[in-house]
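**Q** dropping a prediction and its sequence here:
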Amino acid sequence: MITRQLIPEEEEPLFGINPLTLAVVLVAVTIIIAAGLSFWASGFGKNTEKGVDCSIAEFNLYSGTYDSSKNSIFFVLENLQPTDLKKMTLYIFYPDKTIIEKPMEENLEAGKIKSYEFIDVPSNFDKGLIKTNCPGATIEFIEQNGTLTKI
C-alpha cells in the first residue's frame, strides 16, 4: 500500500518590503544625513557668537607710533568689514621672551576707525600683535624709529 504524504503548502508572508522601495528609502536617508552633516560642518569657519561672521573679519593698522619718552604706544585701527571685532588684546614681545598682555577695553565696530593708546610699554620690544575674537583677524607689527609698521 502506497501512502501519500501531504506536502505542506508554503504560507505567504503577512507583509514584506519591496527591495526597490527599500533601496529608495535607504538612498533618501543617506542624502538627508549627508545634507545635515554638510550644514553642520559649514559653520566651523564662523564664530558661534550671534551676528559675528569671522570668515570675513578684517582690520588694518591705519597708523601707529611709539613714544619712548612716555613709554606709550598709540595706533589707529580701521575695521574693513561689516563685522564687529571684540575681545581685542595687544601683545608686546621682547627679546628675553617676555610678553606683555594689554586688553583693549573697547570693541572695534564694523566699518569704523578707532584710536587706542597704551602706557607703560617698555622700549626695545621685538614686535607687537593685536588679536581679536576672530582667530584669523590679527595684526602683527614692529617699531622702527618711533613708527609702527605692519608686518
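**A** Cool, the structure landed.
**Q** and the closest residue to residue 109 other than its chain neighbours, how far is that from residue 68?
**A** Spatial nearest neighbour of residue 109, chain neighbours left out: residue 84 (5.4 Å); criterion: Cβ to Cβ, 6 or more residues apart in numbering. Any C-beta I mention is one placed from the backbone N, CA and C, and that applies to glycine too. Using Cβ to Cβ, to the nearest Å, we find residue 84 at a distance of 33 Å from residue 68.
**Q** more crowded one of these two?
**A** A direct count of neighbours by other Cβ atoms under 10 Å for residue 84 and residue 68 places residue 84 higher, at 19 against 12.
**Q** I figured that one was touching residue 111, is that so?
**A** No: if you go by Cβ atoms under 8 Å, residue 84 and residue 111 don't touch, sitting 9.6 Å apart.
**Q** separation between residue 146 and residue 102?
**A** With the distance defined as Cβ to Cβ, residue 146 ends up 19 Å from residue 102.
**Q** neighbour count: those two, which is higher?
**A** Between residue 146 and residue 102, counting by other Cβ under 10 Å, residue 102 is the more crowded of the two (18 against 10).
**Q** which residues does the spatially closest residue to the more buried one that is not a sequence neighbour contact?
**A** Nearest residue to residue 102, sequence neighbours excluded (Cβ to Cβ, 6+ apart): residue 90, at 4.5 Å. Contacts for residue 90 (Cβ atoms under 8 Å, 6 or more residues apart in numbering) come out as 73, 101, 102, 103, 104, 116, 118, 128, 129, 130.
**Q** swap the cut-off to 10 Å and go again
**A** Applying Cβ atoms under 10 Å, 6 or more residues apart in numbering, we find residue 90 in contact with 73, 75, 100-104, 116, 118, 121, 128-131, 139, 141.
**Q** now do the SS call for residue 26.
**A** helix (DSSP: H, G, I helix; E, B strand; the rest coil).
**Q** so what's the residue count around it?
**A** Residue 26, neighbours per other Cβ under 10 Å, totals 10.
**Q** same question for residue 63.
**A** Each residue near residue 63 was counted by other Cβ under 10 Å, and the total is 14.
**Q** no more questions from me, cheers.
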